[in-house]
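*Asks:* My questions concern the predicted model and sequence given below.
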Amino acid sequence: VLKGGTLIDGTGAAPVRNATLEFENGKITAVGRTGEFGERAAQAPTVIDVTGKTILPGFVNCHEHLDLHYSFGSWEHRSSQSSYYWTSRAARNALIALSEGVTTIRDVGSMGGSNIEVKRAIDDGMLHGPRSLASGLAICTTGGHGVEISIQVDGVDAVRRATRQILRSGADLIKIMASGGFIVSHGDDPMAPQFTVEELRAAVDEAHSAGRPTTAHCHPPLGIQRAVEAGVDCIEHGALLDQPSAELMAKNGTYLVPTIGETIVLAERGETLGKPDWLIAKCKAESASRMESFRFAVDAGVKIAGGTDTCDSMADEVELMIRGGMSPMQAIVAATRTGAELAGLGAQTGTLASGKWADIIVVEGDPIADVKALSRIELVFKEGALYRPAELRPAIGRYPL
Ligand SMILES: [Zn+2]
């Protein structure tokens, strides 16, 4: 039992002061005001007094790469290491994710497609880490965005074949690169759509036939239009999204994972992550329009889920979503409930309610008054299993690296 804290349940409802949350065998059994529990709460086998702290759902990070999280240096530098190195690193980063309050993750790309094996190792209890939904290898055009983590294909049949291969490898979702990106210095233009509607539709058809969702890395309005027309379930980044494309996404129920930190954190703290000057300058130049694009999505009512994309924490991303125009409660919902819905786990996690998994964090202070409280995480429960970030730190070693 967690007793005496303020409870934010992830639905967007007002915080409950002096709340109690009871869970057993990995599932929440009761949530309410402490007064309603009477003597029952005091008689539980374990009672943790969390007075002065806030109880929230564990974060659902909808865009991360466990192997690359907090990686130092440029994309070109990252590509100089083999997938074995990065896979080893994912084991360490899974601990970092837990220590930052993430209990569920969408791992949307990894060197060699090894995020599927990392996910299995976590599911089998060999590694401690967030529950993961893994994309395996992504799909890109020949010479397209993310060739290092993708199968390069052209034409409808080739896209269909690659999608089938990736589904067979055990992917939980299909990631397709529908435009260029910002992360390399030459030859990858974020304004350029990649893949035709027909090619994107082939990936969507195959994934949906297998009961699995699709998500598209995409920045420009034309690429977003193509992806939405093809029936893609979610857009990653949307850095160049405009008002018409935001309205199109809202109308079609397409999710957005805005990953604002990949621009703003690199613009403001890129040096500490060893990023090259040209990338920091690019991010600085893009910062204002990035925030404007996010605002178009908020104002249009697009379903927005939080995600970090290697360079920040979910606490940082929530803070940036607030800077971009969300209320603190809206941003918390994006990082919990909406993320769980996008991950297809809305019935199991993302909010604190009886019958759901005991995916819970306890933070010091009040995140509605001071969002920095979300980075002061004292307790993390993943399906009831307790992790104390302070005790995980020595096992994590040095980071960022
Ligand atoms: Zn990414």
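*Replies:* Thanks, I have it.
*Asks:* alpha carbons only for contacts and neighbour counts from here, please
*Replies:* OK.
*Asks:* Flag the shaky bits of the chain, pLDDT-wise.
*Replies:* 400-401 (pLDDT under 70).
*Asks:* Tell me the buried residues in the helix of greatest length in it?
*Replies:* The longest helix of the chain (DSSP state H) is helix 277-300. Neighbour-count burial for helix 277-300, with 16 or more other Cα atoms under 10 Å as criterion, is recorded at 279-280, 282-284, 286-287, 290-298, 300.
*Asks:* which residues touch that helix?
*Replies:* The contact list for helix 277-300 (Cα atoms under 8 Å, 6 or more residues apart in numbering) reads 182-183, 185, 238-243, 246-247, 250, 258, 260, 263-264, 266-268, 270-271, 304, 324-326.
*Asks:* Now a PyMOL select for only the buried ones of these.
*Replies:* Applying 16+ other Cα under 10 Å to the contacts of helix 277-300, the buried members can be selected in PyMOL as follows:
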select buried, resi 182+183+238+239+240+241+242+243+246+247+250+258+260+263+264+266+267+270+304+324+325+326
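*Asks:* what about the helices in the protein?
*Replies:* 34-37, 75-78, 83-99, 115-123, 156-168, 197-209, 221-230, 243-252, 261-269, 277-300, 314-323, 328-335, 337-342, 389-396.
*Asks:* got a list of what Glu198 touches?
*Replies:* Val156, Ala230.
*Asks:* returning to what we had before: tabulate the helices of the chain (a markdown table), appending distance to Gly4.
*Replies:* A markdown table is the format used below for the helices of the chain (distance: least, Cα to Cα, whole Å):
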| stretch | distance to Gly4 |
| --- | --- |
| helix 34-37 | 7 |
| helix 75-78 | 46 |
| helix 83-99 | 23 |
| helix 115-123 | 32 |
| helix 156-168 | 46 |
| helix 197-209 | 45 |
| helix 221-230 | 46 |
| helix 243-252 | 39 |
| helix 261-269 | 34 |
| helix 277-300 | 34 |
| helix 314-323 | 23 |
| helix 328-335 | 21 |
| helix 337-342 | 23 |
| helix 389-396 | 21 |
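*Asks:* Of these, which is nearest Leu56?
*Replies:* Leu56 sits nearest to helix 328-335 of all the helices of the chain, at 9.0 Å, using Cα to Cα.
*Asks:* same for that closest one, what does it pack against?
*Replies:* strand 59-64, helix 314-323 (3 or more Cα pairs under 8 Å, 6 or more residues apart in numbering; DSSP states H and E).
*Asks:* what's the angle between the longest one and strand 59-64?
*Replies:* Regarding helix 314-323 and strand 59-64, their directions subtend 90 degrees when assessed with axes from the mean of the first three to the mean of the last three Cα atoms, to 10 degrees.
*Asks:* for helix 314-323, which positions count as buried?
*Replies:* Under the neighbour-count criterion of 16+ other Cα under 10 Å, helix 314-323 has Met314, Ala315, Asp316, Glu317, Val318, Glu319, Leu320, Met321, Ile322 buried.
*Asks:* do stretch 151-167 as well
*Replies:* With burial defined by 16+ other Cα under 10 Å, the residues of stretch 151-167 counted as buried are Ile151, Gln152, Val153, Val156, Ala158, Val159, Arg160, Ala162, Thr163, Arg164, Ile166, Leu167.
*Asks:* so how far is it off the chain centroid?
*Replies:* Here stretch 151-167 shows a centroid-to-chain-centroid distance of 25 Å under the convention Cα atoms, centre = their mean, to the nearest Å.
*Asks:* what's in contact with that stretch?
*Replies:* 136-144, 173-174, 195, 198-200, 202-203, 206-207, 210.
*Asks:* Could I get the contacting residues of Pro328?
*Replies:* If you count contacts by Cα under 8 Å, 6+ apart, then Pro328 has Val318, Ile322, Pro367, Ile368, Val371 around it.
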